[in-house]
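Visitor: Sequence plus the predicted model coming up.
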Amino acid sequence: MQGNIKEKAGMLFASLMCAIMLSPAWALASEVAEMAPVPAVGDADWWKWPLILLIVTFVMGIIAVLGGVGGGVLFVPIIGGFFPFHLDFVRGAGLLVALCGALAAGPGLLKANLASLRLAMPVALIASTMAIVGAMVGLALPTHIVQLALGGTILGIVAIMLTAKKSTVPDVPQADALSSALRITGVFYEPTTKEEINWKIHRTIPGLFTFIIIGFMAGMFGLGAGWANVPVLNLMMGAPLKISVATSKFLLSITDTSAAWIYLNKGCVIPMMVVPSLIGIMLGSFVGVRLLKVAKPTFIRWMVIAILLFAGLKAVQKGLSTMGISLF
Amino acid sequence: MTQNNTQATKEQVLYADVLEKGMYAGLLLMVITFALYVMRIIPPIVPRSEISAYWSMPVHDYLVAINTNFLHWETLPTGWSWVKLLGYGDFLNFMPVAILSGITIVCYLVIAPGLFGRGDKAMGIMALAEAVILSLAASGLLSVGH
């Protein structure tokens, strides 16, 4: 009963947040991006947008940690939908946001043996190759098509978040031939049960094929891909949840690296956007980790879902409006 | 020779150590170079007050605009051409970005000999293949655009 009230309160707050974000003021900012010609004069308030970006990404960093999602998946739809930056630069910055988050977490997860290098290596080989292809396709397509596809993807992520189950230690009766040959297996200590858990994986080939799509989408939209990595590693391939989450986070440091180079070489990096975003997200993540002890995960999760839902709809609306179709 | 099963392998720890060093170096350098840029200690190519006029453009238009207005090069500043502009505050910030994006290549190259050394050929080949793929992405040879 009490949980139900909290859930409803969370949804109400999330709806309010989204209503604010869809207000005419934000819409103006995003439409200026599409329509404004290059001003001949400079802007004395040049620091305004980087400062707003720093504050918004700081909040985003907190929400990402509490909601259990990566920074990239929030960054691209929100900044792309409601800020005056072109989607090319937003995707470039989004990849670097996801990359830096993964780089910061990766060493600790590897040393703690929660992220598995042996599990990550074959997956990363496929995902990073396809991220390059995705980045190239994303940069070659017209912006409104990418915007539409991004909106569809974000709505798909919402569906995954609403429906996907998790399995703490999936039942893997027997490792398949490929994972046995590559010796993708491990042992980790679970402090809550004080047990050493031996894990192995199965369905390696279908899992690797799925990473063709995941890598492509990560590169194309600059989203990071933890939202897809974890269900595939955990539910499809049978890695324990902790190993899946940690390996997914580490995996982003490789997948996003390949796509980040494509965006960097193409010129899609504006330091005045990238650095405040990185600093904001990282500071927000530090605060988020501390708030994790007192926060209500259900409330935050509903908030993230609602924000993504509206950001996805906004991306679809922007894509359609460029084609002369009005959604709202 | 016995190793606790729950402990990470030697290659995994080596990879983590190199990744950690690269990550700290990149992030520290990023804060320094951004401070030099924002405080105008090293002046940028595109003045800070004008950058907001460019970030709403598609990347191709942006490159054409900054080339026309500031660089006056024969070709657009793509690929590794930012290296020639490291003397400017804004492009100096590309250096830490390149370090953060490039450290994974170093990690793979560092662990490959150890993998081959203990007969783990499949993983060794995968490590080298990944280093080649990431180097190809970094090379700037793969280029498309609208």
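Guide: Done, it's in. Numbering: from 1, shown residues only, chains lettered A, B, ... in the order given.
Visitor: tell me which element the residue nearest the centre of chain B is part of?
Guide: For chain B, the residue sitting closest to the mean C-alpha position, by Cα atoms, centre = their mean, is residue B:98 at 2.0 Å. Counting by DSSP states H and E, the element that carries residue B:98 is helix B:94-117.
Visitor: same question, residue A:196
Guide: For residue A:196, the enclosing helix or strand under DSSP H and E is strand A:195-200.
Visitor: dump the residue contacts of residue A:288.
Guide: By Cβ atoms under 8 Å, 6 or more residues apart in numbering or on different chains, residue A:288 lies in contact with A:61, A:62, A:63, A:64, A:65, A:66. Bear in mind the C-beta positions are built from the backbone N, C-alpha and C, glycine included.
Visitor: ok, so of the residues you listed, who is nearest residue A:160?
Guide: Nearest to residue A:160, judged by Cβ to Cβ, of the contacts of residue A:288 is residue A:64 at 16.2 Å.
Visitor: So is stretch A:201-215 next to chain B?
Guide: No: using Cβ under 8 Å from any Cβ of the partner chain, stretch A:201-215 stays clear of chain B, with a minimum separation of 11.1 Å.
Visitor: That stretch: which residues count as buried?
Guide: Using 16 or more other Cβ atoms under 10 Å in any protein chain shown as the test for burial, stretch A:201-215 gives A:201, A:202, A:203, A:204, A:207, A:208, A:210, A:211, A:214, A:215.
Visitor: CSV for those residues, including pLDDT, secondary structure and distance to residue A:257?
Guide: Below are those laid out as CSV (pLDDT from 0 to 100; DSSP: H, G, I helix; E, B strand; the rest coil; distance: Cβ to Cβ, whole Å):
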residue, pLDDT, secondary structure, distance to residue A:257
A:201, 96, coil, 24
A:202, 96, coil, 28
A:203, 96, coil, 26
A:204, 97, helix, 23
A:207, 96, helix, 21
A:208, 96, helix, 19
A:210, 96, helix, 20
A:211, 96, helix, 15
A:214, 94, helix, 15
A:215, 95, helix, 12
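Visitor: could you pull out the strands for the stretch 51-200 of chain A?
Guide: Using DSSP state E, counting those that start in this stretch, the strands of the stretch 51-200 of chain A run over A:185-190, A:195-200.
Visitor: Quickly run through the sheet partners of the first one, with directions.
Guide: Partner strands for strand A:185-190, per DSSP bridges, with pairing direction: strand A:195-200 (antiparallel).
Visitor: Contacts for the partner strand next, please.
Guide: Counting by Cβ under 8 Å, 6+ apart, residues outside strand A:195-200 touching it are A:169, A:172, A:175, A:179-180, A:184-190, A:238-240, A:243, B:5-6.
Visitor: just the contacts of residue A:288 now: which is nearest residue A:220?
Guide: Nearest member of the contacts of residue A:288 to residue A:220, counting by Cβ to Cβ, is residue A:64, at 20.7 Å.
Visitor: Would you tell me which residues of the stretch 101-250 of chain A are close to chain B?
Guide: Counting by Cβ under 8 Å from any Cβ, the stretch 101-250 of chain A comes close to chain B at A:103-104, A:106-108, A:110-113, A:116-118, A:121-122, A:124-125, A:128-129, A:132, A:136-137, A:139-143, A:181-183, A:187-189, A:196.
Visitor: Give me the PyMOL select line for the residues you listed, limited to the buried ones.
Guide: Restricted to buried positions by 16+ other Cβ under 10 Å, the PyMOL selection for these reads:
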select buried, chain A and resi 103+104+106+107+110+111+112+113+116+117+118+121+122+124+125+128+129+132+136+139+141+143+182+188+189
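Visitor: Out of the residues of the stretch 101-250 of chain A next to chain B, which sit inside helices?
Guide: Members of those lying in helices (criterion: DSSP state H): A:103-104, A:106-108, A:110-111, A:117-118, A:121-122, A:124-125, A:128-129, A:132, A:136-137, A:139-140, A:143, A:181.
Visitor: any idea of the pLDDT on residue 42?
Guide: Picking chain A for this. On pLDDT, residue A:42 comes in at 62.
Visitor: meant chain B, my bad for not saying
Guide: Note for residue B:42: predicted pLDDT of 97.
Visitor: Doesn't it lie inside a helix?
Guide: No: per DSSP: H, G, I helix; E, B strand; the rest coil, residue B:42 lies outside any helix segment and is coil.
Visitor: wait, it sits on residue B:91?
Guide: No: here residue B:42 does not reach residue B:91: they are 9.7 Å apart, not a contact under Cβ atoms under 8 Å.
Visitor: Same drill for those two, tell me which one is more crowded.
Guide: residue B:91 (23 against 16; other Cβ atoms under 10 Å in any protein chain shown).
Visitor: hang on, the earlier thing: what residues of the strand holding residue A:196 count as buried?
Guide: By neighbour count on 16+ other Cβ under 10 Å, the buried set for strand A:195-200 is A:197, A:199, A:200.
Visitor: Write down the beta-bridge partners of the last one, one by one.
Guide: Taking DSSP bridges, one finds residue A:185 as the beta-bridge partners of residue A:200.
Visitor: Quick check: it vs residue A:139, distance?
Guide: Residue A:200 sits 39 Å away from residue A:139, taking Cβ to Cβ, to the nearest Å as the criterion.
Visitor: same check, this time on residue B:97
Guide: 17 Å.
Visitor: Give me the spatial nearest neighbour of residue A:126, chain neighbours excluded.
Guide: residue A:211 (4.7 Å; Cβ to Cβ, 6 or more residues apart in numbering or on different chains).
Visitor: No further questions, thank you.
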